[in-house]
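Chemist: Return atomic coordinates for the entry below.
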Amino acid sequence: MNGVKANNIMFRIGMMPLAIGLVLIFSACEDQHTPPISQDGISENEMKEEVREATEAVKSYTKEKMADYQRRIKVQLQDLDRKQKELEQKAMETEKEIQAEMQEVIENLRTQKEEMKTQLHKLSIATEETWKEMKRNSEQDLENLMERYNRALEKISS
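Modeler: Below is the predicted model of the structure:
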């Protein structure tokens, strides 16, 4: 054990000049007041500016994608409004028994469509982090809602 301790102490003593040398080198580098230059010849400030510009470009692109998606959803909701009116018209033309059943279906679809409009509003105020998840959920909900409208139209038409 004493041999191990002695080796450990000798190692530490041997490392001291190296540590002192490194401290002197780094402190000498720190005294220079010129900004560091990368291998590409770009200063730290220029690099920071490029990163800031790239970040802004990504944010702008994301906002554009969000706005495009919201416009697409609005168009689809308008299509659902048209389908709802068509469904209501066809329901009025059917037998009384089917009318009652279809009115219930129509009311359920109307409620779900209003929920989609609420989701669309939430998407418009979502942060970039929550937007992707909300988008995925709303896409699935809208697809399901369109499918329900189409099934109801098929049912009433047959």
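
Chemist: Let me know the pLDDT of the residue nearest the centre of the chain.
Modeler: Nearest residue to the geometric centre of the chain (CA atoms, centre = their mean): Lys132, 2.9 Å. Looking at Lys132, its pLDDT is 80.

Chemist: so what does the helix or strand where Glu139 lies touch, helix or strand wise?
Modeler: Applying DSSP states H and E as the criterion places Glu139 in helix 128-157. Judged by 3 or more CB pairs under 8 Å, 6 or more residues apart in numbering; DSSP states H and E, helix 128-157 is in contact with helix 44-92, helix 96-124. To be clear about C-beta, it is placed using only N, CA and C from the backbone, and glycine gets the same treatment.

Chemist: between that helix and helix 96-124, how big is the angle?
Modeler: Helix 128-157 and helix 96-124 are oriented at 170 degrees to each other (axes from the mean of the first three to the mean of the last three CA atoms, to 10 degrees).

Chemist: Quick one: low-confidence residue ranges for the protein.
Modeler: 1-41 (pLDDT under 70).

Chemist: what about 90?
Modeler: In the predicted model of the chain, residues 1-74, 76-77, 79-158 satisfy pLDDT under 90.

Chemist: Would you mind putting the helices and strands packed on helix 128-157 into TSV with distance to Ser158 and mean neighbour count alongside?
Modeler: Formatted as TSV, these follow (distance: least, CB to CB, whole Å; neighbours: other CB atoms under 10 Å):
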stretch	distance to Ser158	mean neighbour count
helix 44-92	11	13
helix 96-124	11	14
